[in-house]
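A.B. asks: Structure of the sequence below:
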Amino acid sequence: MQTPQKIAVVGSGLVGTLLAIYLKRAGHTVHVFDRSPDIRTVEFSGRSINLVMSNRGWKALEDVGLDEAIRTIGIPVDKRAIHLQDGKLNYQSYGKEGQAIFSLSRGILNRKMVDLAEAEGVEFFFERKIWDVTLATASLWEGESEQGKWTELKYDKVFGADGAFSRIRHRMQRQSMFDYSQEFMKIGYKELHIPANTDGTPKIDIHSLHIWPRGNFMLMGLANLDNSFTCTLFMPIEGENSFESLTNEEKLVSFFAEYFPDTKAVIPDLVSDFFTNPNSYLAIMKCFPWTFEDKVALIGDSAHAIVPFYGHGMNAGFEDITILNELMQEYGDDWNKIFKAYETSRKPNADAIAELSRRNFVEMSAKTADEKFLLQKKIEKWFSNKYPEKWMPLYSRVTFSLQPYAEALAVGDFQNSIMQEILKMDHIEEIWNSEQVENRILELLKQP
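C.D. replies: All right, here's what the predicted structure looks like:
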């Protein structure tokens, strides 16, 4: 327990609500502000990507005893199901036997998290627009409009958990020596829907992440509790085979018939979904510092928004909370030390998962259908099973371990350089699991 303070969290998303629970458990009065209505009262908008919870996220929930409550609303997913254009279906396991990520509906999870936070005594203030913060005094400024009259709300600490377009960060950006970058990918996304069968059974396997890889675009799908699937079409915004090019029903139906022929039987409302649901966009946002003195801190997407292709936006945000909590326990009431150590620890790891996530779009959209890549994964799995202490595949490092992201990226790059050498071996397709390959990998691992 710390000396009790009055703390505001701006943003009632997943990171904001979990952070509020941690702060409440530490003995503080916690108020959460959000400009949107209470998510428990609204219909979802048709612009979501299902989330996946992995070890880093579970760790943050386990530390406050909330993991079991969340497991009840998730579906374990232990493999990728790769839908090739010729109709073939390949499966790729994610990790070892028993290892799985969990598919979660963002809306259902967020509703559950708000309920859990309220049960802890956290107070929520919905439809309250925070326009600014006075950094030196941790005062929020609230009002109906940006140009209208504002009211000052005084706090001891403010956490900005208000996402990629954070108002709290917007104020911090106006300081000197504040670094900020925002990069939009040239890829957008649109939500589509696979309903359950009329008898309630699923149309496709619920324990797989379904991917239709097509080079520079792809479709993916994750299961919901009702055996439906939330699907996401990722495509270039402009050019050939882009959102810009699919302007009418005839073009859309023809495009899906060519590139995703096996979806005709499972996406009955393709046309209405496509032309009703909005196009959404993907941005990578980086900044530093994340804190101001002992008064204000950014956390989650407000500090490090990433693209969704590794499924780690939420997991990275939850890990921010794990590290912050460890530092609160280490440094007690010295919030200057807590904040400095927090941002110093997390910044390189946030940058690393941003890079990993960007790269994973190429893996998912193109490489998962590539024979050489599939062989590489097969060799890695075989070698890892023989020498688990010497080789953990990159995906497992990121998803099924708590190794810092920056270390996982560095080791992953080293392992990939080894695999590129292995793939050049003569007749590698025939000798991939031979003693010759095994010894060559062991030899390369010893090189500096």
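
A.B. asks: from here on, contacts and neighbour counts on C-alpha atoms
C.D. replies: Fine.

A.B. asks: Could you list the low-pLDDT ranges of the stretch 1-150 of the chain?
C.D. replies: Under the criterion pLDDT under 70, the flagged ranges of the stretch 1-150 of the chain are 45-47.

A.B. asks: Just the helices from it, written as ranges.
C.D. replies: The residue ranges that make up the helices of the stretch 1-150 of the chain, judged by DSSP state H, counting those that start in this stretch, are 14-25, 55-62, 67-71, 106-120.

A.B. asks: can you tell which of these is closest to W150?
C.D. replies: Shortest distance between W150 and the helices of the stretch 1-150 of the chain, using Cα to Cα, is found for helix 14-25: 23.2 Å.

A.B. asks: so what does the closest one touch, helix or strand wise?
C.D. replies: The helices and strands touching helix 14-25, judged by 3 or more Cα pairs under 8 Å, 6 or more residues apart in numbering; DSSP states H and E, are strand 6-10, strand 29-34, helix 106-120, helix 313-331.

A.B. asks: What is the neighbour count of the residue nearest to D78 when sequence neighbours are not counted?
C.D. replies: The shortest distance from D78 to any residue other than its chain neighbours is 4.3 Å, reached at A100 (Cα to Cα, 6 or more residues apart in numbering). A100 has 23 neighbours, counted by other Cα atoms under 10 Å.

A.B. asks: From D38, how far off is A100?
C.D. replies: Between A100 and D38 the distance is 31 Å, computed by Cα to Cα, to the nearest Å.

A.B. asks: And V15, by the same measure?
C.D. replies: Distance of V15 to D38, given as Cα to Cα: 16 Å.

A.B. asks: for S280, same thing?
C.D. replies: 22 Å.

A.B. asks: can you check E330 too?
C.D. replies: Using Cα to Cα, one gets 35 Å for the distance from E330 to D38.

A.B. asks: ok, these two, which is more surrounded?
C.D. replies: D38 (15 against 12).

A.B. asks: my guess is that one contacts M113, does it?
C.D. replies: No - counting by Cα atoms under 8 Å, D38 does not reach M113; the two are 11.9 Å apart.

A.B. asks: Now do the contacts for S302.
C.D. replies: 160-166, 169 (Cα atoms under 8 Å, 6 or more residues apart in numbering).

A.B. asks: same thing but 10 Å
C.D. replies: Contacts here follow Cα atoms under 10 Å, 6 or more residues apart in numbering; on that basis S302 touches 11, 159-170, 285-287, 290, 317.

A.B. asks: The helix or strand where it lies: how far from the chain's middle?
C.D. replies: Remark: S302 resides in helix 301-304, with elements defined by DSSP states H and E. Computed by Cα atoms, centre = their mean, to the nearest Å, the separation of helix 301-304 from the middle of its chain amounts to 12 Å.

A.B. asks: Could I get the average pLDDT for it?
C.D. replies: What helix 301-304 shows for mean pLDDT is 98.

A.B. asks: With stretch 186-203 instead?
C.D. replies: Rounded to a whole number, the mean pLDDT of stretch 186-203 is 96.

A.B. asks: Let's see the distance spanning it from one end to the other.
C.D. replies: According to Cα to Cα, stretch 186-203 extends 32 Å from its N-terminal end residue to its C-terminal end residue.

A.B. asks: Alright, I will stop here.
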